[in-house]
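Participant: For reference, the sequence and a predicted model appear below.
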Amino acid sequence: MRQETVKTDIAVIGGGLAGVCAAVAAARLGQTVALVNNRPVLGGNSSSEVRVWVCGATAHGAQRYARETGIMGEMFVENQYRNIDGNPYFWDLVVLETVRAEKNIQLFLNTDVHEVEAEGGEEERTIRSVTGWMMGSEREIRFESDYFLDCTGDGLVGFLAGAKHRIGREARHEYNEEWAPEEADGITLGSTLLFYTKDAGRPVKYIAPDFAVDISQTSIPLKRVIRSGDNGCAYWWIEWGGELDTVHDNERIRDELWAVIYGIWDYIKNSGQFDSENMTLEWVGSIPGKREYRRFVGDYVLNQNDILAQTPFEDRVAFGGWSIDLHPPQGVYSQESGSKHLHADGNYHIPFRSLYSVNVRNLLFAGRDISATHVAFGTTRVMATCAVMGEAAGTGAALCVQKGVTPRELAGDHLLDLRETLLRQDASLIGVRSEDPRDLALKGTAAASSTLTRLAVERPEGTHPLQSDVGLLVPVAGAFQGLELLLDASEATTLEVELWSTGKRENYVPHTRQAQGEASVPQGSRQWVSVPLSWEPELEQNAFLIIRQNEAVTLHTSAEPQTGVLCFVKGSKPVVSSDLEDHQPEQPLVQWSKRSFERRPICFRLSGESAAFAPEKAVDGYLRPYGGPHLWASEELTSGREEWLSVQWEQPVQVGTVQVVFHDDVNEDLINLHHHRTPFEILPELVKDYRIEVKRNGEWTTVAEEHGNRRRRRVHALPAPVSAEAVRVVVEATNGCRRAEIVELRVYE
């Protein structure tokens with residue numbers, strides 16, 4: 001047997017998306033990292049071995065402006081370009097190459113950690129090393145590091161180190177959670193196996209194995225939606241094991257899930273109820289996708305009330321937006337529906353104190369084993385949310401190395417450094433403004449070649465009958481002075497419109513009515529109708545306009561989206577099929593759906609000028625929409641004219657690095673596999689061709705340029721610092737957008 005010792009600053013155990021993002025984040029900050037995974041591929045439940053969609057804060061499009069940025073965002077955008085059709089093996093490569101691009105990471109695949117050396121008493125312990133066995137290579141490897149991240153999902157490393165943890169459901173009284181049971185128990189969410197099907201183009205017979213479940217003798221056909229053409233995560237409800245130990249009974253759970261899958265396929269193929277003669281099984285999973293096991297105890301335990309209140313923690317380092325999504329313990333055999341969902345009115349925040357151990361001084365964690373109750377875990381468990389927590393934990397670990405402090409000390413004494421580092425990396429934080437003293441752009445004055453000041457969508461290409469209420473969300477920077485709508489009226493009528501504020505600035509649902517107006521509409525087609533409305537909020541924020549149902553009115557829609565503008569239709573469609581879910585409480589996020597208007601807004605005009613897209617918005621410290629878009633947008637691009645955004649100073653400064661964050665429409669819901677197909681490989685809003693110029697002695701000089709860009713965040717380090725009176729980004733072309741749009745411009749010495 002070959003024995004080795006690997007010494008790094010940080011060891012990350014677990015190669016799912018949480019571990020990948022943790023390792024990459026720490027490596028980019030200069031720390032050496034060992035990334036250890038017990039499988040031959042990275043990606044965890046999203047990998048080609050398990051094939052779960054990467055869900056996150058977007059909640060499949062229910063949440064607005066919610067797609068993750070940072071490392072997870074990079075992988076989403078890269079996968080969209082390289083793998084638009086969702087091939088699971090190509091997704092494996094996107095994740096693998098993200099890791100391999102970092103020279104500070106040593107990757108150890110097929111390495112199962114089974115031993116942890118830790119010392120100290122129960123209340124304060126320290127991990128010295130972990131040891132793993134590299135299967136197939138017969139190598140026993142000891143990993144010695146200053147800090148360890150448990151991203152294993154099951155929480156094995158922390159468990160072996162003596163970290164405090166919970167398994168199962170807390171009692172309702174512990175955190176005053178409405179969805180918690182009266183008494184604590186050991187019940188968890190179960191595990192799932194997935195399968196793919198294909199049309200063979202000719203008849204294919206199917207003979208079920210002897211162990212297949214005869215599902216016609218169960219409640220499954222009555223309680224679940226079964227369709228012959230569905231595959232993959234459409235059968236997320238093939239779940240079982242919540243009343244067992246999902247780790248120690250893993251093989252038993254797998255066998256039962258296999259029996260159910262082959263039984264369902266027997267029902268589809270041989271019951272005579274489906275058009276499935278030419279269908280065959282293409283792939284069946286062999287590794288159960290686990291949902292829940294150990295959850296560590298940190299300095300803070302995230303709970304249901306924090307999710308619903310969207311508690312703005314001072315130490316917030318990530319966000320989520322998936323519903324609190326809990327499943328019955330009996331899984332596929334339950335007489336209940338397969339899931340129940342509870343959404344907050346918008347995205348919620350995750351504190352750093354939930355990402356490190358309360359009693360193991362050098363242990364951090366990310367993924368489904370964070371410090372959260374079972375109910376809160378119902379939303380934090382989805383993979384894109386695990387990934388952004390991984391980036392936060394990896395960043396925190398790197399700063400702990402650099403400063404020689406514990407995670408608790410980092411949270412208490414160096415919170416500003418942690419927050420600013422995350423923001424500089426374009427991590428997933430909402431409502432947090434950068435105040436980086438090193439960013440020279442914050443000390444300069446922004447200017448631009450032109451600015452979009454008139455908010456309007458005026459090119460009609462479709463219609464939408466006003467058979468139910470329609471919502472129109474627009475940014476208000478200054479005063480709201482009036483609204484015009486393009487519509488048809490089958491008869492003379494009265495149009496009613498209400499203006500509502502959204503409550504929290506990160507929310508996009510109506511909260512408080514601020515104004516209302518009505519207009520007399522004559523019979524006629526393609527008429528612009530003015531509705532008198534006025535509102536002047538104290539803070540810049542969004543207005544949610546409700547255009548009340550009117551059977552005589554048809555609105556016109558456009559095929560050209562407008563940044564900062566969203567449209568909705570009010571309905572009662574549940575998060576999942578009503579055949580599965582019949583007990584969802586009324587939730588504004590579900591009632592107001594934007595799916596009918598994806599990139600197809602209604603035609604409107606706002607009166608007056610707007611400052612929502614002024615050049616200073618690109619240097620205001622915000623990286624995501626928050627009470628407005630927080631980006632600069634030019635007027636429409638015209639042939640022969642270049643648009644630019646600049647920052648200038650009263651006295652020359654030394655410029656060494658220029659960082660630009662381009663707009664990539666975080667409202668667009670991207671996916672890694674096959675849930676849906678987004679039609680463009682590169683997001684149209686992204687700037688395609690640009691150059692960086694510095695102004696010296698009154699003359700502009702190009703110091704960097706890029707052609708064919710398809711990424712959001714670009715960092716240009718100059719060969720040597722230069723003295724400059726101003727810096728500007730000159731946009732030569734976009735990937736399809738009619739305007740040049742830039743989220744942030746940073747300048748460093």
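Facilitator: Nice, I can see it.
Participant: a helix runs through residue 277, doesn't it?
Facilitator: No. Looking at residue 277 with DSSP: H, G, I helix; E, B strand; the rest coil, it is coil, so not inside a helix.
Participant: That one - how many residues pack around it?
Facilitator: Neighbour count for residue 277, taken as other C-beta atoms under 10 Å: 13. (Each C-beta comes from the backbone N, C-alpha and C, glycine too.)
Participant: quick one: it and residue 205 touch, right?
Facilitator: No. Look at residue 277 against residue 205 with C-beta atoms under 8 Å: they stay out of range, at 9.2 Å.
Participant: What segments of the stretch 501-650 of the chain are strands?
Facilitator: 512-521, 524-531, 541-547, 553-557, 566-570, 592-593, 604-606, 632-636, 643-662 (DSSP state E, counting those that start in this stretch).
Participant: who touches the second one?
Facilitator: Going back to what we said before, that points to strand 524-531. The contact list for strand 524-531, computed with C-beta atoms under 8 Å, 6 or more residues apart in numbering, reads 460, 482-489, 495, 497, 517-519, 521, 556, 605.
Participant: what do you get for the fifth one?
Facilitator: With contacts defined as C-beta under 8 Å, 6+ apart, strand 566-570 is touched by 64, 464, 468-473, 508, 546, 591-594, 596-597, 600-602, 667.
Participant: Same question for the fourth one.
Facilitator: Contacts to strand 553-557, defined as C-beta under 8 Å, 6+ apart, come from residues 460-466, 470, 485-490, 493, 495, 521, 526, 547, 597, 600-603.
Participant: List the ones among these that fall in helices.
Facilitator: Judged by DSSP state H, helices contain none of the contacts of strand 553-557.
Participant: Now, of the residues you listed, which are buried?
Facilitator: With neighbours counted by 16 or more other C-beta atoms under 10 Å, the contacts of strand 553-557 contain buried members at 464, 466, 470, 485-489, 493, 495, 521, 547, 597, 600-603.
Participant: helices and strands around the longest strand along the chain, which ones?
Facilitator: When the chain is parsed with DSSP state E, its longest strand is strand 713-734. For strand 713-734, the elements it packs on are strand 643-662, strand 687-696, strand 699-706, strand 739-748, judged by 3 or more C-beta pairs under 8 Å, 6 or more residues apart in numbering; DSSP states H and E.
Participant: would you put the C-alpha positions of it in CSV?
Facilitator: Below are the C-alpha coordinates for strand 713-734, written out as CSV (Å, rounded to 0.1, in the frame of the first residue of the first chain):
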residue,chain,number,x,y,z
ARG,A,713,-17.0,39.5,-15.0
ARG,A,714,-13.7,40.5,-16.8
VAL,A,715,-10.5,41.5,-15.0
HIS,A,716,-7.8,43.3,-16.9
ALA,A,717,-4.4,43.6,-15.2
LEU,A,718,-2.1,46.0,-17.0
PRO,A,719,1.5,45.0,-17.6
ALA,A,720,2.5,47.9,-15.4
PRO,A,721,0.6,50.6,-13.5
VAL,A,722,0.0,53.8,-15.5
SER,A,723,-0.9,57.3,-14.4
ALA,A,724,-4.4,58.2,-15.6
GLU,A,725,-6.8,61.1,-15.4
ALA,A,726,-9.7,58.8,-16.4
VAL,A,727,-10.5,55.2,-17.4
ARG,A,728,-13.3,54.2,-19.8
VAL,A,729,-14.9,51.1,-21.3
VAL,A,730,-15.7,51.5,-25.0
VAL,A,731,-18.4,49.2,-26.2
GLU,A,732,-18.0,48.3,-29.8
ALA,A,733,-20.7,45.6,-30.1
THR,A,734,-23.1,43.5,-27.9
